[in-house]
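Q: fold the stuff below for me.
(one chain, ligands or ions: 1)
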Amino acid sequence: MKKIAILTGAGMSVESGLSTFRGGNGMWDEYPVEQVATIEGYIANPSLVLEFYNKRRRELLTKEPNMGHKLIADLQSEHRVTVITQNVDDLHERAGSRDVIHLHGELMKACSTRAPHDPGQIVALTADAPDIELGDKAADGSQLRPFIVWFGEAVPRIEDAIRALGDIDVFIIVGTSLNVYPAAGLLNYVPSGVPVFLVDPNDVDVRGVRRVTAIKKGASEGLKEIVEKYL
Ligand code: APR
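A: All right, here's what the predicted structure looks like:
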């Protein structure tokens with residue numbers, strides 16, 4: 001049994017039909033990130049932001065976990081697996097992963113505008129009622145907002161993610177450009193001597209932090225190679 005931590009990004013969900021953020025027809029090419037993914041953007045135009053996430057949520061409801069999500073979930077039968085994801089989709093959970101840390105929030109949840117990280121105010125959104133509209137209120141009476149960590153906001157679960165790295169045997173990075181901190185900084189917390197694998201069809205700059213074994217393939221093929229050759 002190995003203790004494995006897996007850091008995933010948007011590339012993990014590409015094979016499920018969800019787009020990445022950067023590098024050619026990424027989401028931030030289509031939408032101005034400051035308008036739809038910052039607290040200032042939300043305050044300036046809440047209905048635009050609510051609609052942006054309603055659209056993404058409805059799209060997510062039409063997608064399925066891919067083989068990569070399932071390979072990660074299957075690892076749990078033999079190993080202790082912690083998924084640390086930057087993704088806000090629920091595809092890891094729907095594939096069967098049980099220990100998932102969402103650093104940037106969850107698209108299928110809504111929270112209070114006044115107290116976004118108060119667990120008592122977080123509500124699950126469903127396929128029957130996927131939208132958040134202006135006027136929908138949290139228990140504290142403030143406007144319900146997407147349970148998403150926007151640029152400039154705190155990343156409360158980063159401590160859980162760092163703690164999860166303390167005693168691992170293997171660290172696997174899948175489908176992230178490592179552009180966004182503090183998530184990208186997790187590589188610094190991987191204990192020395194622990195092998196690091198990075199699955200991405202493109203080159204990813206790890207800024208010399210660690211020697212990594214790069215597997216230049218898509219998520220599913222790359223994870224399959226790791227499972228067959230290294231685990
Ligand atoms: N399999 C694996 N990786 C892939 C695939 C694939 N099929 N297709 C693309 N990739 C890689 C890209 O090469 C890129 O390195 O996925 C990575 C996606 O990088 P980004 O688009 O920057 O996404 P991510 O790293 O997850 O962004 C981090 O930025 O905008 C914020 O909150 C948002 O969580 C997001 C964060």
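
Q: hey, let's count contacts and neighbours off CA atoms from now on
A: OK.

Q: measure stretch 32-48 end to end?
A: Using CA to CA, to the nearest Å, the end-to-end distance of stretch 32-48 comes to 12 Å.

Q: which positions in stretch 8-15 come out as buried?
A: Of the residues in stretch 8-15, 8-13, 15 count as buried by neighbour count, 16 or more other CA atoms under 10 Å.

Q: average pLDDT for the lengthiest helix in the chain?
A: Determined from DSSP state H, the single longest helix within the chain is helix 46-60. The average pLDDT for helix 46-60 rounds to 96.

Q: would you tell me whether it gets close to the ligand?
A: No - Helix 46-60 stays clear of the ligand (CA under 6 Å from any ligand atom), getting no nearer than 12.6 Å.

Q: against which helices or strands is that helix packed?
A: Packing partners of helix 46-60 (3 or more CA pairs under 8 Å, 6 or more residues apart in numbering; DSSP states H and E): helix 33-36, helix 39-44, strand 105-112, strand 144-148.

Q: now for the closest residue to Ile158 other than its chain neighbours: which residues touch it?
A: Nearest in space to Ile158, with sequence neighbours left out and distances taken as CA to CA, 6 or more residues apart in numbering, is Leu103 at 6.4 Å. Contacts for Leu103 (CA atoms under 8 Å, 6 or more residues apart in numbering) come out as 84-87, 149, 155-158, 183.

Q: what about stretch 104-114, distance to the chain center?
A: 13 Å (CA atoms, centre = their mean, to the nearest Å).

Q: try stretch 70-83
A: On the basis of CA atoms, centre = their mean, stretch 70-83 sits 17 Å off its chain's mean C-alpha point.

Q: how would you label Ile84: helix, strand or coil?
A: Here Ile84 is strand, with the state taken from DSSP: H, G, I helix; E, B strand; the rest coil.

Q: great, nothing more from me.
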